[in-house]
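> this is a predicted model, with the sequence first.
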Amino acid sequence: MAAEEEKFRNPSPPAHETREETAEKEAIGDTVYSKRWILRVLMRLAREEADSSDLEADLEDSLCQLWDSATDKDVVEFLLQFDAIEVTMKVIDTTSKPRLKEICVGILGNMACIPSACKEISLEISKLTSILGCGDPPTLLEAIRLFRTCLYDKEVGSRWLSELQNRQNQDHLLFILESSLNVELLVACGNLINDGFDMDDSLVDSMANHEQCIRAMCEALTQVRESDHSRAGIFVTMLHFLTTTETSVKAITDSSSLVLPIVSDYVTSVSSQIEIEEIEADLSAASSLLQVLLSFPLVKREKINSHLIESLRMIAKFVKPKFKDSITETVQLLLEKKQN
C-alpha cells in the first residue's frame, strides 16, 4: 500500500541551494566575478549613447572592475562568448567620452594577454592603430600598451610589427615623442619603438627617413631626463639603434650638432644622480653612440664637453668589465678630438 501511495504522490521540491552554492554556479572559473554581473555590464556598455555627456559614475566603476577582471583567462573566454570585442569596438568607434574610450581600449589591452583574444582583437588592427592619432594621453597610453602586448604574440605579432612600418603610424608616434609632456606616455611610446627596432632592422631605416625623427627622439630624451633620470636611457638606446644601419647612421651623423650635446648632458647628469649599476647598459649605449658621432669629421673640438670626459672616466670605474672597454675607448676619442 505504501508503495502504491509513493507512486502517485507529488515529487519532492528541489533541494534548497545555499547562497554559497548559488554563487559558485554563477562565478566564472575560480574568480569572484559572476556571469550575471559581467553580462549586465556588457549590456549597459552596449546601450551607452555616443553623446558628449559625462560618463555615469556607477558605470565607470563597473567598467573599471571589468577592466581589472579581463586579465583572467576564464573571464576573457566568457567575454569572447558574448561578443565583448565587438561591443567594445563599437563604443571606441562612436563615443565622444575620452574616459570611456580609455577604459574600453584598456579592457582590450588586458584581454590581448590571452592568445585567443589577441587573435580576435587583431582583426580590428587598422581601427585600433588609428587611435595613435587621438589627442587624449590616457587613451594613447592604453593604445600603446595594447600595441606592445599584441606585438609579442607568437601568432599575430608580425601583423602588428608591419603596422609600425606604416607611415601614418610612424608620424603619430614621432609626434608624441616631439610634443608630449606626459612622461608615462613618452616612456611607453619609446618602449614600443625600441621593441620594433629590436625586432626588425628595416624599421630603423624606415623611421630614420622621417625628417623629424632625430629631433623628436632628442626632445623626448630631454623631457624625460628633466623629470625622471632613470628612464631617460630608453631614448639613448633608441638613438643608438640609429647607428646600426647605413641609412640611419647617415641620418644621425647629419644631426650630430643636435644629438651630441643632448647625449653629453644625459651622461654627465645621470652619472651623478643615479647608481651607475642601475643604468650601465644605457650608459654603454650612450658611449657607443658618442663614438659614432665623434668619428664624424664635422664634430669640432669646441663641442667636446670637459665634464663629459670626467663623467665617463668616473663611470668606467663602476661598470662591469664588458662595458668598461667601450667607455674607455670613448674617453680616448674625446681626448683626441679635443686636442685636434
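Okay, I see it. Numbering: from 1, shown residues only.
> residues in contact with the helix or strand containing Arg225: which ones?
For Arg225, the host element (DSSP states H and E) is helix 213-227. Outside helix 213-227, the residues that touch it by CB atoms under 8 Å, 6 or more residues apart in numbering are 174-175, 177-181, 183, 186-187, 189-190, 207-208, 231-232, 234-236, 238-239, 242, 251-252, 255, 258-259, 262-263, 265-266, 269-270. Using the backbone N, CA and C atoms, a C-beta is placed for each residue, glycine as well.
> mind listing what's buried along that helix?
For helix 213-227, burial by neighbour count (16 or more other CB atoms under 10 Å) applies to 213-221, 223-225.
> secondary structure element for the residue lying closest to Ser271 once chain neighbours are set aside?
Spatial nearest neighbour of Ser271, chain neighbours left out: Ser311 (4.5 Å); criterion: CB to CB, 6 or more residues apart in numbering. Following DSSP H and E, the helix or strand that holds Ser311 is helix 306-316.
> for Leu66, which non-adjacent residue is closest in space?
Nearest to Leu66 is Val41, by CB to CB, 6+ apart, at 5.2 Å.
> which element is that neighbour on?
Judged by DSSP H and E, Val41 forms part of helix 35-47.
> list the contacts of that helix.
The contact list for helix 35-47 (CB under 8 Å, 6+ apart) reads 26-28, 59, 62-63, 65-66, 69, 75, 78-79, 82, 84, 87-88, 90-91, 104.
> tell me the mean pLDDT for that helix?
The average pLDDT within helix 35-47 is 94.
> before we move on, what about stretch 147-160?
Mean pLDDT, computed over stretch 147-160, is 97.
> end to end, how far does it reach?
7 Å (CA to CA, to the nearest Å).
> buried stuff in it?
So, applying 16+ other CB under 10 Å, buried residues of stretch 147-160: 147-151, 153, 156-157, 160.
> state the pair within the residues you listed that is farthest apart.
Arg148 and Val156 (13.1 Å; CB to CB).
> low-confidence regions, the stretch 151-300 of the chain specifically.
Counting by pLDDT under 70, the stretch 151-300 of the chain shows low-confidence ranges at 273-274, 297-300.
> now the helices for it?
Using DSSP state H, counting those that start in this stretch, the helices found in the stretch 151-300 of the chain span residues 157-163, 167-179, 183-199, 201-208, 213-227, 233-241, 246-254, 256-270, 280-294.
> between the ones you listed, which gets nearest to His307?
helix 256-270 (4.9 Å).
> which strands or helices does the closest one pack on?
The contact analysis (3 or more CB pairs under 8 Å, 6 or more residues apart in numbering; DSSP states H and E) places helix 256-270 against helix 213-227, helix 233-241, helix 280-294, helix 306-316.
> from the chain's centre, how far out does that helix sit?
25 Å (CA atoms, centre = their mean, to the nearest Å).
> go on, stretch 43-58?
On the basis of CA atoms, centre = their mean, stretch 43-58 sits 27 Å off its chain's mean C-alpha point.
> and it, what's buried?
Buried residues in stretch 43-58 (16+ other CB under 10 Å): 45, 48, 55.
> phi first, then psi, for the second one.
Meaning Glu48. Note on Glu48: backbone dihedrals following degrees, to the nearest 10 are phi -60, psi 130.
> what about the nearest residue to it once chain neighbours are set aside, neighbour count?
Once flanking residues are discounted, Glu48 sits nearest to Val91: 6.1 Å by CB to CB, 6+ apart. By the criterion of other CB atoms under 10 Å, Val91 has 20 neighbours.
> wait, doesn't Val91 sit right on Leu100?
Yes. Contact criterion CB atoms under 8 Å: Val91 and Leu100 qualify, at 6.5 Å.
> so what sits against both of these two?
Joint contacts of Val91 and Leu100 (CB under 8 Å, 6+ apart) are Glu48.
> burial measure for the residue nearest to Ser271, as a count.
Ser311 has 22 nearby residues by other CB under 10 Å.
> close enough to count as contact, it and Val263?
No. Counting by CB under 8 Å, Ser311 sits too far from Val263 to count as a contact (11.6 Å).
> if we can go back for a sec, want to try a markdown table for the helices of the stretch 151-300 of the chain, with distance to Ala117 as columns?
Shown next, in a markdown table, are the helices of the stretch 151-300 of the chain (distance: least, CB to CB, whole Å):
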| stretch | distance to Ala117 |
| --- | --- |
| helix 157-163 | 14 |
| helix 167-179 | 22 |
| helix 183-199 | 20 |
| helix 201-208 | 26 |
| helix 213-227 | 31 |
| helix 233-241 | 28 |
| helix 246-254 | 35 |
| helix 256-270 | 39 |
| helix 280-294 | 33 |
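> so for Pro138, which of those helices sits nearest?
That would be helix 183-199 among the helices of the stretch 151-300 of the chain, by CB to CB, at 8.6 Å.
> buried ones in that closest one, by neighbour count?
183-197.
> what angle separates it from helix 246-254?
140 degrees (axes from the mean of the first three to the mean of the last three CA atoms, to 10 degrees).
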